[in-house]
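Chemist: Return a 3D structure for these sequence lines:
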Amino acid sequence: MNVRKQFKSDKPILDPCCGSKMFYFNKNNPHVLFCDNRTINTTLCDGRNLVVAPDIVADFTQLPFEDNSFWHIVFDPPHIQKAGNLSWLVKKYGKLPIDWKTYIKQGFDECWRVLKPNGTLIFKWMEQDITVSEIIKTIERQPVYGHRVGRLNKTHWMAFVKVVSHE
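Modeler: Got it, this is the predicted structure:
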């Protein structure tokens, strides 16, 4: 039996792999519970400071929350497969394990488990090494809608809704 501590949060939004919170307008948004599996405070090779300081250190494949805890989840997992473990890319974004399919599927399933009924999950994916079609096949769920952005349209923002039937 796998027993893990269950945290309760009064925050409606979860970011289970927040990293350095790059896309947030307010990196201390009081409505978001920031999680990551690491803490970092270092200087990158170009002199920029990199800080990863989550509210809770947790692995997104085993989230320490009760089922149906959050109305909104932003899932931006590592997307890099081919980079050196000490590279600035890996420090900044993390790196996928060799068994990335299991890792991403477990992470998505955990996010889905802690998402409230009728809640939304936004999944951000950058097609550097793995295509969005491979990701969708791996997570076995279809987004409601999505949008491509970036210089080469390789970053995808996809919206999933945990629809509960009222029949």
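
Chemist: Let me see the ranges of the helices in this structure.
Modeler: Secondary structure of the chain (DSSP state H): helices located at 88-93, 100-114, 132-139.

Chemist: Highest mean neighbour count out of the ones you listed?
Modeler: Burial of these is given as mean neighbour count (mean count of other CB atoms under 10 Å); helix 100-114 ranks first at a mean of 19. C-beta here means a position set from N, CA and C on the backbone, and glycine is covered the same way.

Chemist: quick one: the residue lying closest to residue 7 once chain neighbours are set aside from residue 115, how far?
Modeler: Spatial nearest neighbour of residue 7, excluding adjacent residues (CB to CB, 6 or more residues apart in numbering): residue 64 at 5.1 Å. The gap separating residue 64 from residue 115 is 15 Å, by CB to CB, to the nearest Å.

Chemist: and if you look at residue 142?
Modeler: Distance from residue 142 to residue 115, counting by CB to CB: 16 Å.

Chemist: next one: residue 80
Modeler: 25 Å.

Chemist: for residue 129, same thing?
Modeler: Taking CB to CB, one finds residue 129 at 27 Å from residue 115.

Chemist: Same question for residue 62.
Modeler: Residue 62 sits 16 Å away from residue 115, taking CB to CB as the criterion.
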